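# after the sequence you'll find the predicted model.
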Amino acid sequence: MPVDITRLTEGWLELESDPGLFTLLLEDFGVKGVQVEEIYDLQKSLEGPVYGFIFLFRWIEERRSRRKIVDQSEMYVNDEEIVNNIFFAQQMVPNSCATHSLLSVLLNCANIQLGSTLSRLKGHTVGMDPENKGWAIGNSPELARAHNSHAMPQAKRRLDKSSGVSTGRYTGEAYHFVSYVPINGHLFELDGLKPSPIDHGPWDNGEDWTEKFHRVIADRLGEKYNDIRFNLMAVVPDKRLALTHRLNMLRTNRQIVLDALQQLVSDRCEGGDEVSLVIGEEIKDYTTPIVIRTSEEDKFIVIRVPKGDKQEESQGLQRTFSPKDLLALLKNLDSEVSSTEASLREENDKRRRYKIDDCRRTHNYDEFICTFLSMLAEQGKLTELVVPPSVVPKKVVVTKRTQERQNKKKTKQRRRK
């Protein structure tokens with residue numbers, strides 16, 4: 001949808017809470033290697049790193065204004081230096097909280113490829129207060145254009161009726177997005193409709209920050225925010241990149257084992273059925289680079305799994321493997337390759353479905369529906385579809401035999417007269 005540059009702060013549209021939409025929005029921002037996943041089970045541990053969480057909840061009327069008395073039980077950060085050095089932006093523009101929630105995660109992580117648009121925004125807003133950061137977001141034509149390109153056509157018609165608080169679903173109720181991000185060893189809640197970030201404190205030694213988040217969100221959902229109408233999404237690395245890297249390593253290791261096995265079988269001496277195999281430990285992770293050295297004199301193969309410590313590598317366990325054992329290793333590698341290929345296909349299919357769903361979401365069906373109804377009316381079929389069957393007069397079907405009987409009856413009546 002086009003954006004009027006002169007009315008940027010008035011033209012942002014509502015977005016749905018959908019992981020596919022958010023993932024495509026990341027791509028439009030120019031971000032590389034990041035995706036958004038929906039979380040269905042709070043008790044289930046997450047695989048791999050998590051950059052942040054986006055929480056959608058029903059907005060309560062009495063908490064709409066950020067200028068109301070601050071709840072003293074919430075741990076707001078009042079130090080201006082800390083607040084200004086965190087990317088925390090107040091939501092100055094209605095309906096922009098979806099983009100705000102993504103930026104609150106992305107611009108507070110150091111190891112994300114932001115792309116030119118977000119890198120420029122991050123550099124431009126360094127040291128700004130939350131209000132000016134909010135205006136910087138609202139007046140960015142690139143962000144507004146990307147944001148609105150994923151809105152439903154109904155959002156444009158609802159814009160004039162907006163109450164000023166972004167809604168995440170078209171249910172007549174207001175919903176709002178907030179972010180949870182780890183910053184400098186503390187869990188922060190970043191809500192653009194609040195005056196400053198909320199510091200939930202550090203997480204315990206030996207635990208991941210996501211465990212701290214699980215406790216915080218469980219408390220929020222279980223007490224005064226007791227409401228099942230919520231949605232939780234995680235901003236995570238693009239799974240396709242990790243799967244592609246894993247697949248390349250598996251294929252490389254498979255080829256190494258296959259070549260070594262073929263060389264051993266073709267060159268071995270009579271009775272030389274066994275292979276001397278040196279490894280640091282049992283091979284469990286088949287994506288670890290395998291180094292194979294062959295000896296023409298002794299007709300044996302050495303497989304070394306690097307562990308990063310040269311001393312440990314040289315002190316590997318001496319084991320003897322037969323070609324049959326190497327075949328078993330090759331079979332395991334084949335299985336891992338097939339499994340990884342299936343996972344990669346699934347992720348690629350998911351990304352294609354995201355794009356298809358986005359096209360269906362943003363397409364305006366009004367003209368098609370109006371034309372379709374007009375054609376039904378012209379053909380006289382619209383009444384049958386709209387009016388209940390009990391109201392539509394029933395058509396009496398007269399068969400040929402019935403018509404003949406009626407004609408004979410009329411003929412007899414005329415003869416009697």
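It's in.
# can you list contacts of stretch 336-346?
The contact list for stretch 336-346 (CB atoms under 8 Å, 6 or more residues apart in numbering) reads 239, 240, 243, 244, 246, 247, 250, 251, 254, 286, 287. C-beta here means a position set from N, CA and C on the backbone, and glycine is covered the same way.
# which residue ranges of the stretch 251-400 of the chain form strands?
For the stretch 251-400 of the chain, the strands defined by DSSP state E, counting those that start in this stretch cover 275-279, 291-295, 300-304, 317-321.
# quick revisit: by neighbours, which of the contacts of stretch 336-346 wins?
Using other CB atoms under 10 Å as the neighbour test, the contacts of stretch 336-346 are led by residue 250, with 22 neighbours.
# quickly note the distance from that residue to residue 150.
36 Å (CB to CB, to the nearest Å).
# okay, the closest residue to residue 231 other than its chain neighbours: pLDDT?
In space, and not counting its chain neighbours, residue 231 is closest to residue 56: 4.1 Å by CB to CB, 6 or more residues apart in numbering. pLDDT, residue 56: 88.
# how about residue 43?
78.
# dump the residue contacts of it.
Contacts for residue 43 (CB under 8 Å, 6+ apart) come out as residue 214.
# same check, this time on the one 5 residues further on
In this structure, residue 48 makes contact with 236, 237, 242, judged by CB under 8 Å, 6+ apart.
# with respect to pLDDT, which of these ranks lowest?
Ranked by pLDDT, these bottom out at residue 242 (92).
# so that residue is in which element?
Residue 242 is located in helix 239-267, with elements delineated by DSSP states H and E.
# and residue 116, by the same measure?
helix 115-124.
# buried set for the next helix or strand after that helix?
Per DSSP H and E, helix 115-124 leads on to helix 130-138 as the next helix or strand towards the C-terminus. Residues of helix 130-138 classed as buried: 130, 133, 134, 135, 136, 137, 138 (neighbour count, 16 or more other CB atoms under 10 Å).
# tell me which of those residues is nearest to residue 188?
Set against residue 188, the nearest of the buried residues of helix 130-138 by CB to CB is residue 130 (12.7 Å).
# any low-confidence regions in the stretch 301-417 of the chain?
The stretch 301-417 of the chain contains residues with pLDDT under 70 at 301-322, 388-400, 414-417.
# ok, which stretches of it are helices?
Per DSSP state H, counting those that start in this stretch, the stretch 301-417 of the chain carries helices over the ranges 310-314, 323-362, 366-378, 382-386, 400-416.
# now swap in the stretch 51-200 of the chain and tell me
Counting by DSSP H, counting those that start in this stretch, the stretch 51-200 of the chain has helices at residues 80-85, 97-106, 115-124, 130-138, 141-148, 153-158.
# most packed of the ones you listed?
Across the helices of the stretch 51-200 of the chain, the average number of neighbours (mean count of other CB atoms under 10 Å) peaks for helix 97-106, which reaches a mean of 27.
# now for it, which elements pack on it?
Judged by 3 or more CB pairs under 8 Å, 6 or more residues apart in numbering; DSSP states H and E, helix 97-106 is in contact with helix 19-29, strand 52-58, helix 115-124, helix 130-138, helix 141-148, strand 175-183, strand 230-237.
# which residues sit against the second one?
With contact meaning CB under 8 Å, 6+ apart, strand 52-58 is reached by 17, 22, 36, 39, 101-102, 104-105, 108-109, 168, 173-182, 213, 217, 225, 227, 229-235.
# one more: the fourth one?
Taking contacts as CB under 8 Å, 6+ apart, the residues outside helix 130-138 that touch it are 8-9, 12, 83-84, 87-93, 96, 99-100, 103, 121, 124-125, 128, 143-144, 192, 195-196.
# got the CA coordinates for it in PDB?
Taking Å, rounded to 0.1, in the frame of the first residue of the first chain, the C-alpha atoms of helix 130-138 are listed here in PDB:
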ATOM      1  CA  PRO A 130      12.500   7.500  23.900                       C
ATOM      2  CA  GLU A 131      10.200  10.200  22.500                       C
ATOM      3  CA  ASN A 132      12.500  11.300  19.700                       C
ATOM      4  CA  LYS A 133      13.300   7.700  18.800                       C
ATOM      5  CA  GLY A 134       9.500   7.100  18.500                       C
ATOM      6  CA  TRP A 135       9.200  10.000  16.100                       C
ATOM      7  CA  ALA A 136      12.200   8.800  14.100                       C
ATOM      8  CA  ILE A 137      10.400   5.500  13.600                       C
ATOM      9  CA  GLY A 138       7.100   7.100  12.700                       C
END
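# quick one, that helix and helix 141-148 angle?
Inter-element angle recorded for helix 130-138 and helix 141-148: 70 degrees (by axes from the mean of the first three to the mean of the last three CA atoms, to 10 degrees).
# and stretch 113-130, average pLDDT?
On average, stretch 113-130 scores 93.
# what's the end-to-end length of it?
23 Å (CA to CA, to the nearest Å).
# one more: stretch 191-210?
From its first residue to its last, stretch 191-210 covers 18 Å (CA to CA).
# show me the contact partners of that stretch.
By CB under 8 Å, 6+ apart, stretch 191-210 touches 45-46, 50, 64, 66-67, 70, 74-78, 83, 86, 88-91, 96-97, 100, 104, 130, 134, 165, 176, 178-179, 182, 185-190, 211-212, 216.
# mind doing that once more with 6 Å?
With contacts defined as CB atoms under 6 Å, 6 or more residues apart in numbering, stretch 191-210 is touched by 46, 50, 66, 74-77, 83, 86, 88, 90-91, 97, 100, 178, 182, 185-190, 212, 216.
# with stretch 351-365 instead?
With contact meaning CB under 6 Å, 6+ apart, stretch 351-365 is reached by 20, 23, 24, 152, 153.
# the nearest residue to the first one once chain neighbours are set aside and residue 19: what is the separation?
Put plainly, it is residue 20. Distance criterion CB to CB, 6+ apart; nearest residue to residue 20, sequence neighbours excluded, is residue 354 at 3.4 Å. Going from residue 354 to residue 19 by CB to CB gives 8 Å.
# got it, and residue 76?
From residue 76 across to residue 19, the span is 30 Å (CB to CB).
# ok, these two, which is more surrounded?
Using other CB under 10 Å, the more surrounded residue of residue 76 and residue 19 is residue 19, with 19 against 15.
# so who does that one touch?
Counting by CB under 6 Å, 6+ apart, residue 19 has contacts 36, 37, 38, 233.
# one more time with 8 Å
By CB under 8 Å, 6+ apart, the contact list for residue 19 reads 35, 36, 37, 38, 233.
# pull the most distant pair out of those residues.
Pairwise distances across the contacts of residue 19 peak at 11.0 Å for 35 and 38 (criterion: CB to CB).
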